[in-house]
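Asks: give me a 3D structure for the following:
(chains A, B, C and D)
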There are 4 protein chains.
Amino acid sequence: MLQDLREAVCEANRELPAGGLVTLTWGNVSGFDADASLLVIKPSGVPYGKLTPASMVVVDLDGGVVEGDLRPSSDTPTHARLYRFFAGRCPGRIAGITHTHSASATAFAQARTPVPCLGTTHADHFHGPVPLARPLTADEVDDGYEAATGEAIVERFADLDPVATPAVLLAGHAPFTWGATPAASVENAVALEAVAAVALATLRLRPDAPPLERHVLDKHHDRKHGAGAYYGQPASPSPS
Amino acid sequence: MLQDLREAVCEANRELPAGGLVTLTWGNVSGFDADASLLVIKPSGVPYGKLTPASMVVVDLDGGVVEGDLRPSSDTPTHARLYRFFAGRCPGRIAGITHTHSASATAFAQARTPVPCLGTTHADHFHGPVPLARPLTADEVDDGYEAATGEAIVERFADLDPVATPAVLLAGHAPFTWGATPAASVENAVALEAVAAVALATLRLRPDAPPLERHVLDKHHDRKHGAGAYYGQPASPSPS
Amino acid sequence: MLQDLREAVCEANRELPAGGLVTLTWGNVSGFDADASLLVIKPSGVPYGKLTPASMVVVDLDGGVVEGDLRPSSDTPTHARLYRFFAGRCPGRIAGITHTHSASATAFAQARTPVPCLGTTHADHFHGPVPLARPLTADEVDDGYEAATGEAIVERFADLDPVATPAVLLAGHAPFTWGATPAASVENAVALEAVAAVALATLRLRPDAPPLERHVLDKHHDRKHGAGAYYGQPASPSPS
Amino acid sequence: MLQDLREAVCEANRELPAGGLVTLTWGNVSGFDADASLLVIKPSGVPYGKLTPASMVVVDLDGGVVEGDLRPSSDTPTHARLYRFFAGRCPGRIAGITHTHSASATAFAQARTPVPCLGTTHADHFHGPVPLARPLTADEVDDGYEAATGEAIVERFADLDPVATPAVLLAGHAPFTWGATPAASVENAVALEAVAAVALATLRLRPDAPPLERHVLDKHHDRKHGAGAYYGQPASPSPS
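Replies: The predicted model follows:
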């Protein structure tokens, strides 16, 4: 069932430790099949080196396991809530989600501060600051914590385009990123960690470092993602 | 003698440099056999790459060598004191101890500051701040320094649960962590270093970063370690 | 066409991830053939591991593709502008340019601060602070952004010697470095990132750290690059 | 000539990049043969991967090349001055010197601040702060810069024991370390970089972090280096 997606999700999960994004088992990647309305996700607490396509778990958008011998990631309800949101907001554009606790992005999440856009490196991937979702109340935590996490992200994107800004920070927690494929969501996790690390260093050097000028922000986003994009090769509009 | 434990302790020690936790020979892991009331520990000053199960040293809880050709770690009396404490406080729960000088945790120890719980990453492993044991007096240092180190840790845990908070910082020195097995104690050393590194980055970004809300702290601890834990797989309640 | 230069440029590009200078595809190296007045550059958006000499793109100094199946780097007009400048200012001295978003150098670029010369490590490679080029106006960004980037660098070097100071920071963007060959430009990118990282650490420790004394700056530059240079071996005046 | 020492010096130099201590060719190790009153040192500007025992250069204590086809390190007069000093002050105790530009130690050198002793990790290797030698005057730089560098170190150790404190920082430059053998001097370079990195992190967390208590400093030094040392194995009093 969903063999290609199982393979893509397995491979994307295995990239997490190679990319320096995770410690121990602190992270997971999922993929979404819009036709079947199912997602494929990492099993909970299993080391990356032991993952196989067959050990991935197939889950429906209510979080119910459809196929798989292992428990899905404990963060599955968050992923499911996000795919429901993306299906309504930008159908067919997002089919992969990555959650990590990568160090620099998590520092911003713990400081409860968006990652400001201080340079073109950031603008190439995220069209403006990476936003911060609000902390959850005690009631939300008690009653479906992981689904409420997804709800807080959806709430934060009420006026934001999730395709142009494919990342969010959870207050006191860590980042989620997404993309057109599971691999693209990992690439955005790599980009987020890199720009967060440089932002940390920039702010230490100059706490009042100015945001990137709006015209440069738009230019960098458009030359890579806009209608007249000229970054990368024409045959592969979203090269890795 | 204690061949399985020798192998587990040897392997756990060899993980220290691979995990980026030690420089030169600055760290050691021990394991405890409750039936025999003996501990197995790294020999002093031997490079990790040269360790074999046969070179591990078997020591009793008074620190006397029972089997082994080499001197045990100079920190052996600290380990022995802790196993005696754990045997009384939480029998059967802790059978591995790791001591490292990992960089970020040691920075907190040298700053003589507990590692605050600023996020869920921390809460997944340590149920609250990682506490700081007091500095030793000149008399304590003169008369059985390493045993006195253990005594200061025991004193610090008078009102703390060592199972829920499996780590401590020694003022002006470095961390100790522990766990159900030697490998689990190394895993907690990895987790401590990672959360300390992110805490350092968070506090540089925002010196008054707020502690994680109590309800989120409890939720993350309980979903992994509580009676109704649902993180990881049922067959392996403490997955790595 | 220009087979030797294709190979040198391909190899230099492949050194970027090995040297820790780039994340994803954020960087490119070019080489210049003065006789043909052509440059060879990385194709846009192609992962370093997939580069071959044959996939490099040959471009003239107006940015037109002369040979190659792939689009050249989107930064090509910046490289071309610089080679035209170097050809007039210091003919035959510079035949390689490297652009990266390496973390510490980019932090200075984002903080819009030159990298001060705080020590001999810096002086061995750059004869004084690494300068900052001004931000571009909205009009410049709209009308030939990448060429205007080159223009701003040229403007910044009106009173500076590009051979003695083979690097620049672009405000809100990242560094460019250059050298006698493509490999030498990468070596200067490595040196810039290293000295920027140490400068960041120095300034955190002591925000008013003094610049290196002028007589030491000149001595270190001259013993390596001056007429009576005695660093390295006589047969290879610019050893790597 | 001095074949064993050539091999030891070559191997020690090759450890520098493996230990993360050097960028490009920024570092060198020498060894001293007291009977011959000769030193063996890395050739200048040669990459570490290309070093062989045969390419090492044999030099007398006036800096004259005795055997070797290549130029010795440009820092040779500094090494020679130090061996002359050690021969008088602590004959037979020091036969290896390492010079690096390792990042954290160099940050202290550039900030012109000794590395304070904030913890036991430091005390195990250096019996107190790692001192800072004064900057050189313009005259000293003009007239035998590298020998004057050695002279400034000797001046700084007028009242310090180079065996108990086997390291120094040069203002605006970088560290030198030494030890009983070339390998031991590299080990001290590794230790210095590690304790400097942790000191940087400690001081960022708490700028007024207290020095290690004197009684703990002495205890850690004595248990490893004193008459009744019990760290390491009796058969190998200076284990790595």
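Asks: need the contact list for the spatially most central residue of chain A.
Replies: Closest to where the C-alpha atoms of chain A average out (Cα atoms, centre = their mean) is residue A:177, at 1.1 Å. Going by Cβ atoms under 8 Å, 6 or more residues apart in numbering or on different chains, residue A:177 touches A:97-98, A:100, A:166-168, A:185-186, A:188-189, A:192. Glycine gets a C-beta too; all of them are placed from N, C-alpha and C.
Asks: all strands of chain A, in order?
Replies: Secondary structure of chain A (DSSP state E): strands at A:27-33, A:38-41, A:57-60, A:65-67, A:96-100, A:132-133, A:167-170, A:175-179.
Asks: one step back: what's the closest non-adjacent residue to the residue nearest to the centre of chain A?
Replies: Counting by Cβ to Cβ, 6 or more residues apart in numbering or on different chains, residue A:177 lies nearest to residue A:188, which is 4.0 Å off, once chain neighbours are set aside.
Asks: could you report the pLDDT at that neighbour?
Replies: If you check residue A:188, the pLDDT there is 97.
Asks: where does the prediction get shaky in chain A?
Replies: Under the criterion pLDDT under 70, the flagged ranges of chain A are A:235-240.
Asks: can you rerun that using 80?
Replies: A:227-228, A:230-231, A:234-240 (pLDDT under 80).
Asks: up against chain C, what does it have?
Replies: By Cβ under 8 Å from any Cβ of the partner chain, the residues of chain A that approach chain C are A:118-121, A:124, A:187, A:190-191, A:194, A:197-199, A:201-202, A:204-206, A:209-210, A:212-213, A:215-216, A:219, A:223, A:230-234, A:236, A:239-240.
Asks: now do the phi/psi pair for the residue of chain A found nearest chain B.
Replies: Taking Cβ to the nearest Cβ as the measure, chain A has residue A:45 as its residue closest to chain B, at 3.1 Å. Main-chain dihedrals, residue A:45, degrees, to the nearest 10: phi 70, psi 10.
Asks: quick one, longest helix in chain A?
Replies: Ranked by residue count, the top helix of chain A under DSSP state H comes out as helix A:182-205.
Asks: that one vs helix C:182-205, what angle?
Replies: 50 degrees (axes from the mean of the first three to the mean of the last three Cα atoms, to 10 degrees).
Asks: got the buried residues for helix A:182-205?
Replies: A:182-205 (16 or more other Cβ atoms under 10 Å in any protein chain shown).
Asks: which residues does the residue nearest to residue A:177 contact?
Replies: A:98, A:125, A:166-167, A:177-179.
Asks: neighbour-wise, which of these leads?
Replies: Highest neighbour count within those, by other Cβ atoms under 10 Å in any protein chain shown: residue A:98, with 33 neighbours.
Asks: what's the most distant pair in the contacts of residue A:177?
Replies: Pairwise distances across those (Cβ to Cβ) peak at 15.7 Å, for the pair A:168 and A:186.
Asks: nearest residue to the residue of chain A closest to chain B other than its sequence neighbours?
Replies: Residue A:45 sits nearest to residue B:232 (Cβ to Cβ, 6+ apart), 3.1 Å away.
Asks: isn't the one you found up against residue A:71?
Replies: Yes: contact criterion Cβ atoms under 8 Å: residue B:232 and residue A:71 qualify, at 7.5 Å.
Asks: joint contacts of these two?
Replies: A:44-45.
Asks: and chain A, which of its residues are near chain B?
Replies: A:23-26, A:43-47, A:70-71, A:74, A:101, A:103-104, A:106-113, A:135-136, A:138, A:141-142, A:145, A:172-174, A:200, A:203-204.
Asks: can you flag the buried ones in the residues you listed?
Replies: For these, buried by 16+ other Cβ under 10 Å: A:23-26, A:43-46, A:70-71, A:74, A:101, A:103-104, A:106-113, A:135-136, A:141, A:145, A:172-174, A:200, A:203-204.
Asks: the residue lying closest to residue A:41 once chain neighbours are set aside: what's it in contact with?
Replies: What sits nearest to residue A:41 in space, not counting adjacent residues and going by Cβ to Cβ, 6+ apart, is residue A:30, at 4.0 Å. Contacts for residue A:30 were tallied using Cβ under 8 Å, 6+ apart; they are A:9, A:39-42, A:73, A:76, A:79, A:96-97, A:182.
Asks: and the nearest residue to residue A:109 once chain neighbours are set aside, bridged to which residues?
Replies: Leaving aside its chain neighbours, residue A:109 sits nearest to residue A:169 (4.1 Å; criterion: Cβ to Cβ, 6+ apart). Residue A:169 forms beta bridges with residue A:132, residue A:175, as assigned by DSSP bridges.
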